[in-house]
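Colleague: Take this sequence and fold it.
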Amino acid sequence: MKRAVKNFFLKLPIRQKILTIIFFCSFLALITTLSFFILFTTSRLAENLKEEMNVLAEVIGNRSTAAIEFADQKTAAENLKALSARESVEKACIYDAGDEMFANYSRSSDVSCPQPSPPKSEFMDNHLYVFRDIYINGSKIGAIVLVSDLKDIRKSYQRYFFYSIFSIIFGGLIALIISSRLARIIDKPIRGLYHAAKSVTDQADYNVHVKKVSHDELGVLVDAFNEMLLQIQIRDREVKEANANLEEKVMQRTSELEKAKILAEKANESKSEFLANMSHELRTPMHAVLSFAEFGRSETETAPKEELQKYFSKIENSGRRLLSLLNNLLDLSKLEAGKMIFHFKKNNIETPLNSVLSEVQKLLDDKKLKVEIVKSDDKTTAYFDLEKIIQVFYNLISNAIKFSKPEGMIKITIKPSASDSFLVVSVEDQGVGIPEDELETVFNKFVQSSKTKTGAGGTGLGLSIVKEILRGHGGDVWAKNSSSGGAIFLFTLPTNPIKCD
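Modeller: Presented below is the predicted three-dimensional model:
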């Protein structure tokens with residue numbers, strides 16, 4: 001049944017669907033609203049009746065205190081008889097202190113007075129029962145019970161129910177009339193789209209155009225439909241032009257394939273070069289370790305102690321070179337996976353710089369290089385991981401030493417950014433520089449500048465590690481060429497704690 005109704009609804013035209021939905025929602029809203037209104041109103045009538053009966057019970061009880069005190073049943077009965085003016089009161093009884101009937105009033109013989117009960121008001125058997133105690137000077141001398149019918153509430157309920165049915169019918173008709181007129185606003189553009197789509201599918205006529213009558217979602221849909229037809233027309237013209245110039249297109253595609261082939265060959269060449277570099281970087285120290293270990297083993301008994309120490313030194317240096325390569329690969333892997341742990345702390349940038357300069361002093365002396373440190377002011381603190389920034393300085397300064405000419409100068413500049421939110425550090429050498437089209441790619445993995453390739457190895461991991469470390473700090477790194485020759489590497493570190501992903 002549910003599926004049949006759903007299928008029937010889906011087959012209706014869009015206009016009837018809209019009218020059905022609007023009428024059903026309006027009808028449901030009216031019923032819900034009026035139901036709550038009737039329930040609330042009848043509830044208030046019941047509460048008002050309770051309050052009224054309690055007031056009557058209290059008034060009659062207060063007027064009957066003297067009659068109970070002096071055992072004047074006649075006066076008590078007269079007081080109860082005053083309730084005859086209230087048609088809803090069917091029974092009223094006054095009891096003495098011993099809960100014995102003292103006086104009563106009855107409009108209907110169908111209802112009897114219940115025994116006194118603690119003060120309360122309750123609905124039972126289509127009647128309202130009100131129980132009140134009668135006091136004099138703080139002492140209970142009796143009780144009064146009133147029994148009221150619910151005819152007024154039932155009449156009000158029936159009246160409200162009739163009004164609700166009338167409101168639902170009248171409101172539903174108004175909603176149907178108004179929605180029927182307003183539905184045209186939605187129905188008209190949809191029917192325009194329908195006829196245009198039929199023209200396109202049945203006659204392959206892409207020159208139709210749907211008139212836009214609104215600026216809502218339907219207006220956007222009309223614009224999109226018209227734009228789609230326009231694009232189809234454009235593509236039809238392009239296809240015709242392509243067919244007319246097929247030979248030219250083939251030549252153009254052939255040229256593109258040639259370019260793609262060249263790019264693929266370059267990529268394959270880069271891959272081979274990387275494998276060769278990695279093979280060289282791994283084999284050279286490994287051969288040295290094996291060779292000097294073999295020399296040491298064969299000459300243990302005959303070689304002087306100084307010669308053996310030289311073998312061990314060569315083995316140690318080669319092992320450290322291998323360890324450095326593996327550490328670089330592992331560090332880069334951790335950084336890219338987001339698993340490198342950083343220990344951020346406020347530090348002076350001169351601390352890691354001085355540590356690295358002390359470590360590479362021999363390399364500087366070998367090439368007779370000088371280091372100039374320039375500070376714009378005393379602002380040299382930032383938030384960073386000390387060990388990681390030592391690694392950054394080591395990679396950048398080692399590169400500067402490697403590609404600087406003997407007796408040259410390495411300039412290191414430290415200054416705050418314009419907003420004081422970052423510390424900007426630059427390392428400038430006097431080497432061969434970097435081609436302009438390679439300034440971005442030198443930070444890629446396994447990539448080396450064409451000007452600095454020596455054919456003697458190198459994995460191209462150092463600058464990639466530098467980039468990942470600085471990104472982990474919330475900073476950045478970039479390269480540029482100096483106007484006087486050489487390359488400049490600049491990086492930033494935050495001067496205040498920031499959240500780093």
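Colleague: The closest residue to Ser484 other than its chain neighbours: what's it in contact with?
Modeller: Of all residues not flanking Ser484 in the chain, Gln430 sits nearest, at 7.5 Å (C-beta to C-beta, 6 or more residues apart in numbering). Backbone N, C-alpha and C define where each C-beta goes, glycine included. With contact taken as C-beta atoms under 8 Å, 6 or more residues apart in numbering, Gln430 is in contact with Ser404, Lys405, Gly408, Met409, Ile410, Ser482, Ser484, Gly485, Gly486.
Colleague: Can I get the buried ones among these as something I can paste into ChimeraX?
Modeller: Restricted to buried positions by 16 or more other C-beta atoms under 10 Å, the ChimeraX selection for the contacts of Gln430 reads:
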select :404,408,410,486
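Colleague: tell me the SS of the residue nearest to Ser484?
Modeller: Look at Gln430: counting by DSSP: H, G, I helix; E, B strand; the rest coil, its state is coil.
Colleague: And it, how close does it get to Gly462?
Modeller: Taking C-beta to C-beta, to the nearest Å as the measure, Gln430 and Gly462 are separated by 19 Å.
Colleague: Next: Leu290.
Modeller: For Leu290, the distance to Gly462 equals 26 Å [C-beta to C-beta].
Colleague: So between those two, which is more surrounded?
Modeller: Neighbours were counted for Leu290 and for Gly462 using other C-beta atoms under 10 Å; Gly462 has more, 21 against 12.
Colleague: Skip the chain neighbours and tell me the closest residue to that one.
Modeller: Take Gly462 and drop its neighbours on the chain: the residue closest to it by C-beta to C-beta, 6+ apart is Asn395, 4.1 Å away.
Colleague: Checking my notes, that neighbour in a helix, right?
Modeller: Yes. Membership of Asn395 in a helix is supported by three-state DSSP.
Colleague: Okay, domains of the protein per the record?
Modeller: Taking automatic domain parsing as the domain assignment, the ranges for the chain are 11-159, 250-332, 341-494.
Colleague: distance between the ends of the last one?
Modeller: Looking back up the chat, that one is domain 341-494. Domain 341-494 stretches 18 Å from its first residue to its last (C-alpha to C-alpha, to the nearest Å).
Colleague: Centre of the chain to that domain, how far?
Modeller: Computed by C-alpha atoms, centre = their mean, to the nearest Å, the chain-centroid distance of domain 341-494 equals 38 Å.
Colleague: what mean pLDDT does that domain have?
Modeller: Across domain 341-494, the average pLDDT comes to 85.
Colleague: Over to the shortest one?
Modeller: The average of the pLDDT scores along domain 250-332 is 69.
Colleague: if I look at Thr302, how far off is Leu308?
Modeller: Counting by C-beta to C-beta, the gap between Thr302 and Leu308 amounts to 10 Å.
Colleague: Who has more neighbours out of these two?
Modeller: Leu308 (15 against 7).
Colleague: wait, the more buried one sits on Glu299?
Modeller: Yes. Taking contacts as C-beta atoms under 8 Å, Leu308 lies within contact range of Glu299: 7.3 Å.
Colleague: what's the spacing between the helix or strand where Ala57 lies and its chain's center?
Modeller: In this structure, Ala57 is located in helix 14-63 according to DSSP states H and E. Helix 14-63 sits 43 Å away from the centroid of its parent chain (C-alpha atoms, centre = their mean).
Colleague: what helices or strands is that helix leaning on?
Modeller: With contacts defined as 3 or more C-beta pairs under 8 Å, 6 or more residues apart in numbering; DSSP states H and E, the secondary structure elements packing on helix 14-63 are helix 73-81, strand 89-96, strand 120-124, strand 127-136, strand 139-149, helix 151-203.
Colleague: Just the CA trace of the fourth one, in PDB.
Modeller: Presented in PDB, the C-alpha positions along strand 127-136 are these (Å, rounded to 0.1, in the frame of the first residue of the first chain):
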ATOM      1  CA  HIS A 127     -17.100  14.800  38.000                       C
ATOM      2  CA  LEU A 128     -14.900  17.200  40.000                       C
ATOM      3  CA  TYR A 129     -14.600  16.400  43.700                       C
ATOM      4  CA  VAL A 130     -13.400  19.200  46.000                       C
ATOM      5  CA  PHE A 131     -12.400  18.400  49.700                       C
ATOM      6  CA  ARG A 132     -11.800  21.200  52.100                       C
ATOM      7  CA  ASP A 133     -11.400  21.300  55.900                       C
ATOM      8  CA  ILE A 134     -13.200  23.900  58.100                       C
ATOM      9  CA  TYR A 135     -11.200  25.500  60.900                       C
ATOM     10  CA  ILE A 136     -11.900  27.900  63.700                       C
END
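Colleague: Which positions within that strand qualify as buried?
Modeller: Going by 16+ other C-beta under 10 Å, strand 127-136 has these buried residues: His127, Leu128, Tyr129, Val130, Phe131, Arg132, Asp133, Ile134.
Colleague: Need the per-residue pLDDT for the last one.
Modeller: Same thing as Ile134. The pLDDT attached to Ile134 in the predicted structure is 90.
Colleague: Turn the helices and strands packed on helix 14-63 into JSON lines, including distance to Glu359.
Modeller: JSON lines is the format used below for those (distance: least, C-beta to C-beta, whole Å):
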{"stretch": "helix 73-81", "distance to Glu359": "112"}
{"stretch": "strand 89-96", "distance to Glu359": "107"}
{"stretch": "strand 120-124", "distance to Glu359": "94"}
{"stretch": "strand 127-136", "distance to Glu359": "99"}
{"stretch": "strand 139-149", "distance to Glu359": "102"}
{"stretch": "helix 151-203", "distance to Glu359": "74"}
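Colleague: of those, which approaches Glu241 most closely?
Modeller: For those, distance to Glu241 was read as C-beta to C-beta. The smallest value, 22.3 Å, belongs to helix 151-203.
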